[in-house]
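Undergrad: Sequence plus the predicted model coming up.
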Amino acid sequence: MCTPRPVQQPHPPILLGGSGKGLLRVAARHADIVNLTADVGRAGTVDFGEVARFNEAAFVAKGEFVRAEARAAGRDPAAIAMSSIVFMLMITDTSAAGDAMRLGIAPMFGVDPAGARRLPLALIGTPDEIVAELRRREREWGVTLTIISGARRDAGTIGRFVREILPHV
């Protein structure tokens with residue numbers, strides 16, 4: 001029972017998020033949106049080794065798995081929107097500042113600084129660079145929804161995101 005009734009028909013979009021094949025199979029059969037995430041380890045813990053392995057190739061592979069499972073279940077894979085979550089949103093004033101931040105986080109993820117530019121869990125750079133990266137993720141990964149989370153959610157960063165990035169994506 002739901003009062004007032006949802007505006008969306010037949011129901012509000014169902015979003016399922018995770019990384020395990022079991023959950024992704026359920027999402028392929030039932031979800032409207034799938035939020036692909038890193039494996040984090042057993043319940044209540046975060047295995048940073050697993051998080052570090054969640055790179056562009058892993059994200060794309062999970063998306064392909066969901067689409068294949070949707071086809072196998074008789075669903076149109078295009079009916080499922082792909083989503084990602086960003087824990088590191090760092091908006092910089094210069095490309096050099098973004099490069100320095102990527103240089104700092106690259107070792108945590110076992111990538112070179114250029115690879116840090118494409119980490120699914122991060123958006124780092126000037127507003128123009130972040131817009132370009134979000135457009136690339138849509139084009140190459142099929143991501144049409146990005147969830148911003150994490151410690152850098154201060155009002156200034158979110159305000160910049162809303163003013164300088166959101167209108168362009």
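TA: Thanks, I have it.
Undergrad: I'd like the next helix or strand past the helix ranked longest in the chain.
TA: Secondary structure assigned by DSSP state H gives helix 56-72 as the longest helix of the chain. The helix or strand immediately downstream of helix 56-72 is strand 81-86, counting by DSSP states H and E.
Undergrad: mind listing what that next one pairs with, with the direction of each?
TA: Each strand that pairs with strand 81-86, with its direction, by DSSP bridges: strand 33-36 (parallel), strand 143-148 (parallel).
Undergrad: before we move on, the earlier item: please name every helix or strand in contact with the longest helix of the chain.
TA: Counting contacts by 3 or more CB pairs under 8 Å, 6 or more residues apart in numbering; DSSP states H and E, helix 56-72 is packed against helix 21-30, strand 33-36, strand 81-86, helix 127-141. Using the backbone N, CA and C atoms, a C-beta is placed for each residue, glycine as well.
Undergrad: The strands paired with strand 81-86 into a markdown table, with extra columns for distance to Arg53, mean pLDDT and mean neighbour count?
TA: Below are the strands paired with strand 81-86 laid out as a markdown table (distance: least, CB to CB, whole Å; pLDDT from 0 to 100; neighbours: other CB atoms under 10 Å):
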| stretch | distance to Arg53 | mean pLDDT | mean neighbour count |
| --- | --- | --- | --- |
| strand 33-36 | 13 | 96 | 22 |
| strand 143-148 | 19 | 94 | 16 |
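Undergrad: tell me the contacts of Thr144?
TA: 81-83, 138 (CB atoms under 8 Å, 6 or more residues apart in numbering).
Undergrad: buried set for the longest helix of the chain?
TA: Applying a neighbour-count criterion of 16 or more other CB atoms under 10 Å, one finds 56, 58-60, 62-63, 66-67, 69-70 buried in helix 56-72.
Undergrad: Got a ChimeraX select line for the buried ones in the contacts of Thr144?
TA: Typed into ChimeraX, the line below selects the buried ones among the contacts of Thr144, using 16+ other CB under 10 Å:
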select :81,82,83
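Undergrad: returning to that earlier point: what about dumping the CA coordinates of the longest helix of the chain to PDB?
TA: Listed next in PDB are the C-alpha coordinates belonging to helix 56-72 (Å, rounded to 0.1, in the frame of the first residue of the first chain):
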ATOM      1  CA  GLU A  56      37.300   0.400 -16.000                       C
ATOM      2  CA  ALA A  57      37.700  -3.100 -17.400                       C
ATOM      3  CA  ALA A  58      35.900  -4.600 -14.400                       C
ATOM      4  CA  PHE A  59      33.100  -2.100 -14.600                       C
ATOM      5  CA  VAL A  60      32.600  -2.800 -18.300                       C
ATOM      6  CA  ALA A  61      32.700  -6.600 -17.700                       C
ATOM      7  CA  LYS A  62      30.000  -6.300 -15.000                       C
ATOM      8  CA  GLY A  63      27.800  -4.300 -17.400                       C
ATOM      9  CA  GLU A  64      28.200  -6.800 -20.100                       C
ATOM     10  CA  PHE A  65      27.300  -9.600 -17.600                       C
ATOM     11  CA  VAL A  66      24.100  -7.800 -16.700                       C
ATOM     12  CA  ARG A  67      23.200  -7.300 -20.400                       C
ATOM     13  CA  ALA A  68      23.900 -10.900 -21.200                       C
ATOM     14  CA  GLU A  69      21.800 -12.100 -18.200                       C
ATOM     15  CA  ALA A  70      19.000  -9.800 -19.300                       C
ATOM     16  CA  ARG A  71      19.000 -11.300 -22.800                       C
ATOM     17  CA  ALA A  72      19.000 -14.800 -21.300                       C
END
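Undergrad: Cheers, nothing more for now.
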